[in-house]
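*Asks:* Using only what follows, build the 3D model:
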Amino acid sequence: MWDCVCTACEEDMLEIARQLERIAVWFSPIVLIGPGLLCVLLGLFLWLGGLGFKRVLAATVGAVSGGICGFFISGRNIVTATALAALTAVIAIWLEKIFIAILAGVLAAILCFTVLAKPNNDIDDARYNLGYESENIRMSLNTKLSVEVAKRYIADFAAETGQIFSQMPAYNWAIMEVVAVFFLAVGFARRRLTLAFCCAVLGTMFIFAGMILLLLYKGAAPVSRICQNWLFYQGVFGIMTAFGMAEQLLLCQRIKERLTGKKGENKDGKESEKTLESWRNR
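*Replies:* As a prediction, the model looks like this:
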């Protein structure tokens, strides 16, 4: 019954997102609310305090990236994706320094792609009419069916994104490569600044993703709103990223200095007590 809903391979990236936006109002609440809340909480953690937990950052990003790759490589098999997510999380912790530098380059390239690949708002609504108002679709989906529909849309969206990426002009490729290499080099030279950048960008991404999922459940059409005000939301993303970087560089540094100062005082206190005891014994 739902096969007709998920045949969106021939539509462009924006149409697929809008189709998912329309059909999501019929999803089981747990499919949108659970991941949405998890993304928002994880995003706030990375956005405001990820710099103080480098291994948590590496493990989280490694697990997410490994899970996404495993999801598509294995043909949307959840078990394989979970196993690959765990493996990449361990590798990310083991090769933390290299992983963070590579992550910075990848995130910079992704941000460039979102800026260069502008969405097309001139879309004929008749082309992506889902028929979700018909009697066959005017019903709530159970959890299993909701997940299956979402998986098909995600696969179509990823395929379309890859196609857009491969068809970009050569000068766009050059821009993304230069930016990625620059951030990769900075990642090895300025680790603290790079960590703050990665935490702020990832935290903002997770917050945006979580809010989109929650708003999809409410039927607030977040995808359409973002596409209609693309520059505005790009500015919001940039401001949130800058604030997250500044907050972590300042706050985490102060906390570290205070903890270091207290440890130093404790050490001095212990050493003075030992010296006094030895003097008395004499």
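
*Asks:* Skipping adjacent residues, who's closest to Ala221 in space?
*Replies:* Of all residues beyond its chain neighbours, the one nearest Ala221 is Glu21 (5.9 Å), with distances taken as C-beta to C-beta, 6 or more residues apart in numbering. Any C-beta I mention is one placed from the backbone N, CA and C, and that applies to glycine too.

*Asks:* ok, which stretches of the stretch 101-250 of the chain are helices?
*Replies:* Counting by DSSP state H, counting those that start in this stretch, the stretch 101-250 of the chain has helices at residues 143-166, 170-189, 191-218, 222-228, 230-281.

*Asks:* Run a quick neighbour tally on the residue nearest to Ala221.
*Replies:* 21 (other C-beta atoms under 10 Å).

*Asks:* wait, what's in contact with it?
*Replies:* Shown here is Glu21, whose contacts under the criterion C-beta atoms under 8 Å, 6 or more residues apart in numbering are 216, 221-224.

*Asks:* between these, which is closest to Ala200?
*Replies:* For those, the residue nearest Ala200 by C-beta to C-beta is Pro222; the value is 21.5 Å.

*Asks:* how much space is there between that closest one and Pro29?
*Replies:* Distance from Pro222 to Pro29, counting by C-beta to C-beta, to the nearest Å: 17 Å.

*Asks:* So those two - more neighbours on which side?
*Replies:* Higher neighbour count among Pro222 and Pro29: Pro222, with 20 against 11, using other C-beta under 10 Å.

*Asks:* That one contacts Ala209, correct?
*Replies:* No. Counting by C-beta atoms under 8 Å, Pro222 does not reach Ala209; the two are 10.4 Å apart.

*Asks:* out of the contacts of Glu21, which is most surrounded?
*Replies:* Leu216 (23 neighbours).

*Asks:* quick one: the residue nearest to that one when sequence neighbours are not counted from Ala221, how far?
*Replies:* Using C-beta to C-beta, 6+ apart and skipping residues adjacent in sequence, the residue nearest Leu216 is Ala24, 4.1 Å away. Using C-beta to C-beta, Ala24 is found at 10 Å from Ala221.

*Asks:* Over to Leu87?
*Replies:* From Leu87 to Ala221 the distance is 38 Å (C-beta to C-beta).

*Asks:* Next: Thr82.
*Replies:* 32 Å.

*Asks:* How many residues are close by the nearest residue to Leu214 once chain neighbours are set aside?
*Replies:* Nearest residue to Leu214, sequence neighbours excluded (C-beta to C-beta, 6+ apart): Gly36, at 4.0 Å. By the measure other C-beta under 10 Å, the count of residues near Gly36 is 19.

*Asks:* per-residue confidence at Met211?
*Replies:* Looking at Met211, its pLDDT is 92.

*Asks:* doesn't Gly36 make contact with it?
*Replies:* Yes. Using C-beta under 8 Å, Met211 is in contact with Gly36, at 7.4 Å.

*Asks:* For Cys69, which non-adjacent residue is closest in space?
*Replies:* Leu84 (6.5 Å).

*Asks:* Helix, strand, or coil at that neighbour?
*Replies:* Secondary structure, DSSP: H, G, I helix; E, B strand; the rest coil: Leu84 is helix.

*Asks:* Go ahead and confirm it touches Ser65.
*Replies:* No. Counting by C-beta under 8 Å, Ser65 is not a contact partner of Leu84; they are 9.5 Å apart.

*Asks:* Those two: which has the busier surroundings?
*Replies:* When neighbours are counted by other C-beta under 10 Å, Leu84 comes out ahead of the other of Leu84 and Ser65, with 21 against 18.

*Asks:* gap between that one and Phe27?
*Replies:* In terms of C-beta to C-beta, Leu84 sits 26 Å off from Phe27.

*Asks:* ok, now Leu42?
*Replies:* Leu42 is 21 Å from Phe27, by C-beta to C-beta.

*Asks:* Neighbour count: the two, which is higher?
*Replies:* Ranked by neighbour count (other C-beta under 10 Å), Leu42 and Phe27 place Phe27 first, with 23 against 20.

*Asks:* Could you pull up phi and psi at the more buried one?
*Replies:* phi -70, psi 160 (degrees, to the nearest 10).
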